[in-house]
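A.B. asks: okay, sequence plus prediction incoming.
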Protein chains: 2
Amino acid sequence: MSEQTIPYKIYLKESEMPRHWYNVRADMKNKPAPLLNPKSLQPMTEEELSAVFCKELVKQELNDTDRLIDIPQEIRDFYKMYRPSPLVRAYCLEKQLDTPARIYYKFEGNNTSGSHKLNSAIAQAYYARNQGLRGVTTETGAGQWGTALSMACAYLGLDCQVYMVKVSYEQKPFRREVMRTYGAAVTPSPSSTTQVGQRILAEHPGTGGSLGCAISEAVEAASSQEGYRYVLGSVLNQVLLHQSVIGLETKAALDQYGIVPDIIIGCAGGGSNLGGLISPFMGEKLRGEKDYRFIAVEPASCPSLTRGKYVYDFCDTGKVCPLAKMYTLGSGFMPSPNHAGGLRYHGMNSTLSQLYHDGYMEAVSVEQSAVFAAATQFAKVEGILPAPESSHAIRVAMDEALKCRETGEAKTIVFGLTGTGYFDMVAYGKYNDGEMCDYIPTDEDLQRGLAGIPKFPGNKTAGL
Amino acid sequence: MSEQTIPYKIYLKESEMPRHWYNVRADMKNKPAPLLNPKSLQPMTEEELSAVFCKELVKQELNDTDRLIDIPQEIRDFYKMYRPSPLVRAYCLEKQLDTPARIYYKFEGNNTSGSHKLNSAIAQAYYARNQGLRGVTTETGAGQWGTALSMACAYLGLDCQVYMVKVSYEQKPFRREVMRTYGAAVTPSPSSTTQVGQRILAEHPGTGGSLGCAISEAVEAASSQEGYRYVLGSVLNQVLLHQSVIGLETKAALDQYGIVPDIIIGCAGGGSNLGGLISPFMGEKLRGEKDYRFIAVEPASCPSLTRGKYVYDFCDTGKVCPLAKMYTLGSGFMPSPNHAGGLRYHGMNSTLSQLYHDGYMEAVSVEQSAVFAAATQFAKVEGILPAPESSHAIRVAMDEALKCRETGEAKTIVFGLTGTGYFDMVAYGKYNDGEMCDYIPTDEDLQRGLAGIPKFPGNKTAGL
């Protein structure tokens, strides 16, 4: 296939879109460790999980044997409203970098949520509706997940209650209005609508809230209302499963042109985008069919893979959720208020953690100002204004392409462009004004966070 | 062709994208009236126009004989970064409206400018660069045009100076930051950087500015700097020419599936989107090959086609630009501060005005609250959060589809979805809070505006 025949954007036909999600756990010899009940320290049962999550989603969460899982027709129809997403050849960026590398990116920003989050939101809302539920509750920080869930619930006629971190609620009124336009009830957290919210407000009057607090409120709201369940936009294995649609489309598009990537790069917060993008490629690597380099990119200010511990930890600050074995900085770790809200999570999805632990994946951390430099350069030549989260992947893709300029190697680089930065202009403004700071936690900062990791027998081997 | 085979989204292949713009004036028996020199009242010559505009663009402005005009390769390459845009079958909207009508929309919002404006911005920047200019100046109100021009200039390495209406500059800091991210210099207007700005500031300290004032500043800035020209995002015939790429792609996509529209609908401010969308279809109608209904939709608060006069008028409030024959409310007409900044222009492009005058096109006006009701309903079922401007077309497309439900007719309706509403959430917030007002100018309001139309001989027939 000659170079000239590869278009700027490869779109699959709708008839070529995936009919199954890909469950990478089925190909893993070392399965990700199970979620544990924080009281009994025994693996969470299907029944225990079903009190909080939808039944079908619990099955997906626990399923580490079936490689392919059907995508229901109604979800596939919804996907057709904004998918297939384009796989873009970054001809203009290549030219500007003067690199022999071939750079592709899978662009997930062409929908109103502005990110890949919609891929899992519609799936979770669908199973909730099918279970006969009235509605779902969730938390949102930066707002992408809350927006995506609002859209999915509006489409399916489901009630949607979003607890939005109060400081975001006040700083990002536009995000809030998008959710309200889609019919969601958006409550600033902490609020007086829940017991945990009342308690926190009494203890910390005037607090701006936190994701941990918003999770606690959303979980309480789900369990205190008949016909409601709690849903989550990342971290869980079910979310990675739904997001595999990204990787499956990417692989199908590359296959059509006989392109084999050398390096696949994604930003990593909870892991939903990275896990989804790499899943089918990782499957080939796990089965020994192909070899690829996978690079997870995380912010230097919240470096769970590169500086965290691989142990069992709480998933939330409120410590109400099950324990997960993952690379973690401790549920009490306080990342700096950087401008990539979607990457400010203390832990990493358990599947990705296991794969990283077993050496199937690399990880690097990058500083914020270098990320925005890459974002701005990318925007000017490729036209798309990227989200700060996505720009972490852009930074490393550019770095790898620049290495190729040195070595003369024509490597093929694929990265995930998870979304757009239209609601992040405060951050871009700081960069434009030369006021962007970097923040790298000291060893002491990390020690404080890691001190909160539970000291139960299974964690002893990690030296804690 | 059976219904089932029509996908949700029709994308042309990049190789099928238009190689020529379509100049509808070539097919008109009654050509649009020429621009007049405001002093001599004689048609503007190529030389006169070239003092303000780029040479090649002046040629395009004056060309009413060549039907096809080549799109240069470099512009076609740029188009490939965000085009072809999808022609979407609104299956979900049809289902919700329970209509036998078939509804399609051409979606131009999948680029960072958030609208169709980029189609002309890249063309105008290209000709400026090729003429050896250093940069261009322009004004922007809502911000889409300024963003689009910033993107085009960043790509071509051209300096970009944007005069942004001060009240928008302060109320829409995010729009401003997007332009700055693309390297544009954004100045709130009126400013002290121009003589006209200084004069206005002295006369009206504390004014929030106006589009008319920003135009005057941008024109002065262009003429006072060596190697600069002024560019404009709508109203001119050259802009309609560039925007014909919308209609050409739409027609090619429909032709591939043998679809013939009955009604084509677009929102109309200065006319760039509507004119671009309908051009090739209008050509068929003018040549007597096909018949279509064309509907221009304008806000009830700024009803140039439905309540204006067809006369020669000033294009700008400052009265420095040539006179154009058009449907106008008078250059001194003050539309209410509605939430569709892109439709708050007192006149209409001269080509569309002539076509409307000759009975080839219909026009309707709609009220703001009905527009936002349509926008919200559309967002919930089709997933896309539309710009307030675009939602004018949605309103009328839905009304026509609802008529089909009454009559049982399975008409095919195509409308232009010009852009997204991500930067318009203040307006959506007002609607969500039930605080959206409608405003219909009284006959007295209109009389005040029309009183400013120049009283020269050619206008006497209009009874002025």
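C.D. replies: Okay, I see it.

A.B. asks: contacts only, for the most centrally placed residue in chain A.
C.D. replies: Nearest residue to the geometric centre of chain A (C-alpha atoms, centre = their mean): A:S272, 3.3 Å. Listed by C-beta atoms under 8 Å, 6 or more residues apart in numbering or on different chains, the contact set of A:S272 reads A:H116, A:K117, A:S120, A:G233, A:S234, A:V235, A:V239, A:L240, A:Q243, A:N349. In this view, the C-beta of every residue, glycine as well, is placed from N, C-alpha and C.

A.B. asks: how about a cut-off of 7 Å?
C.D. replies: The contact partners of A:S272, taken as C-beta atoms under 7 Å, 6 or more residues apart in numbering or on different chains, are A:S120, A:G233, A:S234, A:V239, A:L240, A:Q243.

A.B. asks: quick check, nearest of these to A:C160?
C.D. replies: A:G233 (12.7 Å; C-beta to C-beta).

A.B. asks: for my notes, confirm A:T137 occurs in a helix.
C.D. replies: No. Assessed by DSSP: H, G, I helix; E, B strand; the rest coil, A:T137 does not belong to a helix; its assignment is strand.

A.B. asks: what is the neighbour count of it?
C.D. replies: 27 (other C-beta atoms under 10 Å in any protein chain shown).

A.B. asks: quick one: the strands in the stretch 51-200 of chain A?
C.D. replies: A:68-70, A:87-89, A:102-107, A:135-140, A:159-165, A:185-189 (DSSP state E, counting those that start in this stretch).

A.B. asks: who does the nearest residue to A:A268 once chain neighbours are set aside form a beta bridge with?
C.D. replies: Once flanking residues are discounted, A:A268 sits nearest to A:A296: 4.1 Å by C-beta to C-beta, 6 or more residues apart in numbering or on different chains. A:A296 forms beta bridges with A:G266, A:A363, as assigned by DSSP bridges.

A.B. asks: which of the strands of the stretch 51-200 of chain A sits most buried?
C.D. replies: strand A:135-140 (a mean of 28; mean count of other C-beta atoms under 10 Å in any protein chain shown).

A.B. asks: who wins for most neighbours among the contacts of A:S272?
C.D. replies: Going by other C-beta under 10 Å, A:L240 tops these with 32 neighbours.

A.B. asks: for that residue, give its distance to A:G258.
C.D. replies: 28 Å (C-beta to C-beta, to the nearest Å).

A.B. asks: just A:A451 next, same as before
C.D. replies: 52 Å.

A.B. asks: in terms of neighbours, single out the busier of these two.
C.D. replies: A:A451 (12 against 8).

A.B. asks: can you pull the contacts of that one?
C.D. replies: Per C-beta under 7 Å, 6+ apart, neighbours of A:A451: A:G330.

A.B. asks: need phi/psi at it.
C.D. replies: phi -60, psi -20 (degrees, to the nearest 10).

A.B. asks: how far away is it from A:F333?
C.D. replies: Taking C-beta to C-beta, one finds A:A451 at 10 Å from A:F333.

A.B. asks: what's the farthest-apart pair in the contacts of A:S272?
C.D. replies: Greatest spacing in the contacts of A:S272, by C-beta to C-beta: A:G233 and A:L240 (11.6 Å).

A.B. asks: near chain B, which residues of chain A are found?
C.D. replies: A:7-8, A:11, A:14, A:80-82, A:92, A:110-112, A:151, A:154-155, A:174, A:177-178, A:180-183, A:376, A:379-385, A:422, A:425, A:428-429, A:432 (C-beta under 7 Å from any C-beta of the partner chain).

A.B. asks: report pLDDT for the residue nearest to the centre of chain A.
C.D. replies: On the pLDDT scale, A:S272 is placed at 95.

A.B. asks: how about the one 4 residues further on?
C.D. replies: At A:G276 the predicted local distance difference test score is 98.

A.B. asks: check A:K80 too.
C.D. replies: Per-residue confidence for A:K80 comes out at a pLDDT of 96.

A.B. asks: give me the neighbour count for A:C213.
C.D. replies: Neighbour tally, A:C213, other C-beta under 10 Å: 27.

A.B. asks: so who does it touch?
C.D. replies: A:S189, A:P190, A:I200, A:T317, A:G318.

A.B. asks: surely it is in a helix?
C.D. replies: Yes. Counting by three-state DSSP, one finds A:C213 located in a helix.

A.B. asks: against B:Y155, how distant is the residue nearest to the centre of chain A?
C.D. replies: Distance from A:S272 to B:Y155, by C-beta to C-beta: 32 Å.
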